[in-house]
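**Q** Provided below for reference: sequence and predicted model.
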Amino acid sequence: MAIFIKVTIMFFVVALLSLAISATTITTITTTIVDENAKECAQSIDPMKQLDHCMKYISPKMSLMNAHDEHRIECCTQFKNIKKACRCKAIKEMVRQQQQGQMESDDRDQMVKDAMNIPSICRINMPEGQCDIQTFYF
């Protein structure tokens, strides 16, 4: 009977230790979802090179010059070459780069309006409707 009690107590101690160990062990599973389009767009868009005519088209200084229409036409050609999934990012990047210089509020508003109108002026489809650039530049 004494052996049975010792075995039972030992079993009880082992069970408690196992329970204590399992209670303090935490398993963390982290899932990372990578937006392939965002990664691809970040690497593939350089407005100063790929969209130089679009940059000139939305520039407040260019709107006063005769070359504005020429830049619009060339901008449409360049913008069509941007992958559909990257077009919103391209517009935002153009606006961001244009804003690096000093700009009056009215000029900035017109520049953003011109940038946002590129898809409709060029008759180019955008992914999931239009970009919300207003939240981007305020």
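**A** Sure thing, it's come through. Everything numeric here is computed off the predicted structure, so don't read it as measured data. Numbers count the residues shown, from 1 in each chain.
**Q** now the chain, which segments are flagged as low pLDDT?
**A** Screening the chain residue by residue with the criterion pLDDT under 70, one finds the ranges 7, 11-12, 15-40, 42-45, 47, 62-66, 128-130, 133-138.
**Q** so residue 119 versus residue 41, what's the distance?
**A** Distance from residue 119 to residue 41, counting by C-beta to C-beta, to the nearest Å: 16 Å. (Each C-beta comes from the backbone N, C-alpha and C, glycine too.)
**Q** please apply the same query to residue 131.
**A** Using C-beta to C-beta, one obtains 12 Å as the distance from residue 131 to residue 41.
**Q** burial measure for residue 60, as a count.
**A** Burial of residue 60 is recorded as 17 neighbouring residues (other C-beta atoms under 10 Å).
**Q** in this structure it contacts residue 107, no?
**A** Yes. Taking C-beta atoms under 8 Å as the definition, residue 60 is a contact partner of residue 107 at 3.8 Å.
**Q** how about the helices in the protein?
**A** Along the chain, counting by DSSP state H, helices occupy 2-24, 36-44, 47-50, 52-58, 68-80, 87-98, 105-121, 134-137.
**Q** nearest to residue 127, out of those helices?
**A** Closest approach to residue 127 among the helices of the chain is made by helix 87-98 (6.6 Å; C-beta to C-beta).
**Q** which parts of that closest one are buried?
**A** Within helix 87-98, the residues scored as buried using 16 or more other C-beta atoms under 10 Å are 87, 88, 89, 90, 91, 92, 93, 94, 95, 98.
**Q** and the fifth one, how far is that from residue 41?
**A** This points to residue 91. 11 Å.
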